[in-house]
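A.B. asks: One predicted model, sequence on top.
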Amino acid sequence: MYERNYKLLRSKFGEFFFPTLFTSMAGNICLFVDGLMVSFLIGASNLAPIQIVAPVITFVNLIYWMIGLGGSVLCSVSKAEFDDEKSNGYFSVSIISLVSIGLLITLFGLLFSGNIAHFLCMSQPELTADVSSYFVALIIGMPFLCYMMSLSYFIRADGIPALPFRAILIANIVNICFDVIYIKFFGMGLSGAALATSTGYIVGSVLISYYFIKKERTLEFIKLKMNSFFNFFKRIATSGFSSASTQLYLTLKLLVINFLVGIYVGKSGVVAFGICYNSLFILYIFLIGTAQTMSPIVSVYFKEEDYSGVNYVVKRSLKIVLASSLALSVLFIVYPQALLFLYSVKNPADVPVVLNALRIFAISYVGTAITFLYTFYSQAIQKNQLSTIISLLEGFVLPISAAFILSYAIGGNGIWISFAIAEALTILFIFGYSRYINKKTNGEYAGFFINKHNDDKVFEHTISGDVEEAVNLAHDVQDYLSGNKSAALVGLAIEEMLVNIINTNESVDTIDVIVRDNEENILISVKDTGVEFNPVIENEHLEFDNISVLNKIADKIDYSRVLGLNSTVITIKN
């Protein structure tokens with residue numbers, strides 16, 4: 001008997017992971033370096049106004065995560081359901097909505113910039129003028145940020161992950177280059193740093209639009225009636241809010257923590273919190289890269305009830321985020337001076353505050369990695385309520401409660417400790433919830449990630465692109481189903497499908513075949529990395545080729561090109 005070796009999933013995960021990781025790296029490292037450039041060119045004290053404006057960026061992140069990421073996940077699910085019209089609907093509504101909302105954010109921000117700056121600087125009113133100049137230049141780029149990032153999610157889901165990486169990388173390189181131009185040569189100070197960021201967003205938006213002239217793209221804009229548009233939007237927002245809510249709670253958390261730090265620690269504390277917050281950009285390279293790789297793959301495989309495939313992807317993702325978060329945590333606990341050097345922190349009043357904050361804050365990294373991944377996983381398997389609860393606890397309720405209580409009890413150190421406590425308590429909640437679900441479902445859902453398991457009536461097989469292996473597998477499945485009246489038809493269907501895939505491609509390394517014996521029918525799921533081939537509409541003019549025979553014996557054939565794979569589901573009634 002052939003067994004599933006997960007080579008196809010491993011290859012697909014790697015194909016998505018590295019471009020997505022590099023995309024995340026391009027965005028987060030450049031944000032990290034952007035802070036370094038500001039510190040180097042105009043002094044570390046200017047990190048305070050940037051940190052105070054940080055909630056504005058996280059609020060915009062909330063918008064494009066909710067609509068862009070939420071829409072792309074639903075788009076992937078629709079493709080798994082072989083519904084191209086619905087997937088195009090999610091694509092159209094998401095992009096149009098985000099561009100419109102981005103324009104409204106910019107308009108509102110420019111009209112009320114003074115009021116917003118005063119609100120952000122409640123505990124540090126002397127920074128209001130600097131915050132206002134930075135905010136105005138930054139808010140100009142918000143429509144471009146929304147467009148660029150949301151489109152990148154759909155492009156990755158469409159199996160073209162390299163394009164977003166290149167566009168976002170160049171956007172951030174432009175940002176850093178124009179930091180030097182605007183700040184050093186034009187003497188624009190903080191407003192120059194913000195304008196450089198907006199310039200990068202504009203360039204990135206132009207480059208990522210190359211997607212619309214690529215031949216291999218499968219998504220396109222379609223016209224929708226107003227009622228349909230808002231129905232799509234509601235489903236997108238509902239789906240995306242669970243993971244995007246992390247940004248909402250981060251926005252509120254930053255507002256509150258900035259306020260508490262200003263009261264209990266002062267300006268040095270705001271600088272310290274800014275560096276702690278910027279250190280997360282390094283961690284989020286791995287967290288976002290892994291979570292956004294995992295999310296569309298898990299959503300498709302969970303929808304197809306391939307639970308062992310889901311389990312493989314989740315375990316692989318968890319290993320990556322745990323290793324990266326633990327390494328960074330140890331680094332910054334043992335050697336926090338590295339960040340002081342990079343951010344040019346030289347003020348004697350700032351140095352001890354920043355060192356102390358970094359060491360304590362770094363303890364929270366591992367917990368952040370676990371809860372962040374779990375939030376995306378919950379959304380991918382359509383447990384949006386669970387994802388929202390985790391985001392609410394980890395992102396707002398627990399850290400803010402702990403920060404208020406501990407800062408009152410022990411001062412500034414209580415604020416830094418609150419982050420680690422919030423992560424630990426959230427993980428305990430997830431563990432308790434998973435045990436509850438396991439008992440409630442009598443073991444149907446198991447493990448920390450409450451995943452189902454394929455039962456005894458599901459047979460998973462992997463073969464290489466070899467005709468002899470295809471024929472032998474068909475015979476083995478037929479023997480296994482002996483006693484079932486449809487066994488011969490199932491064996492024949494598998495043989496015809498696999499032989500056609502092998503003959504259609506010059507080479508195909510791996511083909512996954514999953515046979516699911518339901519009470520009423522037998523489902524044969526076939527995934528391969530070969531050229532796009534729809535067995536329902538191809539070769540209809542031929543009478544005796546493999547696919548014609550397959551269409552005659554199958555009761556139903558569904559096909560979709562999803563995640564860059566041919567996904568074919570053949571139904572044969574018992």
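C.D. replies: Sure thing, it's come through. Numbering: from 1, shown residues only.
A.B. asks: where does F449 land in three-state SS?
C.D. replies: F449 falls in the coil class when you classify it by DSSP: H, G, I helix; E, B strand; the rest coil.
A.B. asks: Quick one: mean pLDDT for stretch 285-293?
C.D. replies: Averaged across stretch 285-293, the pLDDT comes to 84.
A.B. asks: Pull the distance from that stretch to the chain's centre.
C.D. replies: 6 Å (Cα atoms, centre = their mean, to the nearest Å).
A.B. asks: what comes up buried for it?
C.D. replies: 285-293 (16 or more other Cβ atoms under 10 Å). Heads up, the C-betas are built off the backbone N, CA and C, glycines and all.
A.B. asks: right, and the helix or strand after the host helix or strand of Y153?
C.D. replies: Using DSSP states H and E, Y153 falls within helix 142-157. Helices and strands here follow DSSP H and E; after helix 142-157, the next one along the chain is helix 162-179.
A.B. asks: sorry, back to before: and the helix holding Y153, what does it pack against?
C.D. replies: Secondary structure elements in contact with helix 142-157, counted by 3 or more Cβ pairs under 8 Å, 6 or more residues apart in numbering; DSSP states H and E, are helix 7-42, helix 47-64, helix 70-80, helix 84-111, helix 162-179, helix 189-208, helix 267-303.
A.B. asks: ok now the longest one, how far from the chain's centre?
C.D. replies: Averaging C-alpha positions (Cα atoms, centre = their mean) puts helix 267-303 9 Å from its chain's average.
A.B. asks: Return the angle between stretch directions for that helix and helix 70-80.
C.D. replies: Angle, helix 267-303 to helix 70-80, by axes from the mean of the first three to the mean of the last three Cα atoms, to 10 degrees: 10 degrees.
A.B. asks: just the angle between helix 267-303 and helix 162-179, please?
C.D. replies: Going by the same axes, to 10 degrees, helix 267-303 makes 170 degrees with helix 162-179.
A.B. asks: any idea of the angle helix 267-303 forms with helix 142-157?
C.D. replies: 40 degrees.
A.B. asks: which intervals of the stretch 1-150 of the chain have sub-threshold pLDDT?
C.D. replies: The stretch 1-150 of the chain contains residues with pLDDT under 70 at 1-2, 22-35, 44.
A.B. asks: now do the chain
C.D. replies: Across the chain (using pLDDT under 70), the flagged ranges come out as 1-2, 22-35, 44, 242-243, 453-456, 483, 536-547, 549.
A.B. asks: just the strands in the stretch 401-550 of the chain please.
C.D. replies: 458-463, 511-517, 521-528 (DSSP state E, counting those that start in this stretch).
A.B. asks: Which of those sits closest to T504?
C.D. replies: Of all the strands of the stretch 401-550 of the chain, strand 521-528 sits nearest to T504, with 9.4 Å by Cβ to Cβ.
A.B. asks: Report the angle between the top helix by length along the chain and helix 267-303.
C.D. replies: Secondary structure assigned by DSSP state H gives helix 226-264 as the longest helix of the chain. Orientation of helix 226-264 against helix 267-303 (the same axes, to 10 degrees) gives an angle of 150 degrees.
A.B. asks: helices or strands up against helix 226-264?
C.D. replies: Partner elements for helix 226-264 (3+ Cβ pairs under 8 Å, 6+ apart): helix 47-64, helix 70-80, helix 84-111, helix 267-303, helix 365-380, helix 384-392, helix 398-410, helix 412-440.
A.B. asks: From the chain's centroid, how far away is that helix?
C.D. replies: 15 Å.
A.B. asks: again, but for stretch 494-502
C.D. replies: Per Cα atoms, centre = their mean, the centroid offset for stretch 494-502 relative to its chain is 35 Å.
A.B. asks: Could you do stretch 101-119 as well?
C.D. replies: 28 Å.
A.B. asks: Would you mark the buried spots in that stretch?
C.D. replies: Buried, per 16+ other Cβ under 10 Å, within stretch 101-119: 101-102, 105-106, 109, 113, 116-117.
A.B. asks: if you skip the residues just before and after it, what's nearest to I63?
C.D. replies: Leaving aside its sequence neighbours, I63 sits nearest to I101 (Cβ to Cβ, 6 or more residues apart in numbering; 5.7 Å).
A.B. asks: ugh, typo on my part, it should be L386
C.D. replies: S378 (4.7 Å).
A.B. asks: residue contacts, the residue nearest to the spatial centre of the chain?
C.D. replies: Centroid-nearest residue in the chain, with Cα atoms, centre = their mean: Q292, separated by 2.6 Å. Each residue near Q292 by Cβ atoms under 8 Å, 6 or more residues apart in numbering is listed here: 20, 24, 69, 153, 156, 376.
A.B. asks: Number of residues surrounding the residue nearest to L254 when sequence neighbours are not counted?
C.D. replies: The shortest distance from L254 to any residue other than its chain neighbours is 4.4 Å, reached at P55 (Cβ to Cβ, 6+ apart). Neighbours of P55 under the rule other Cβ atoms under 10 Å: 21.
A.B. asks: ok, now N438?
C.D. replies: So N438, with other Cβ under 10 Å, has 16 neighbours.
A.B. asks: Confirm for me that it is in contact with Y445.
C.D. replies: Yes: counting by Cβ atoms under 8 Å, N438 does reach Y445; the two are 5.9 Å apart.
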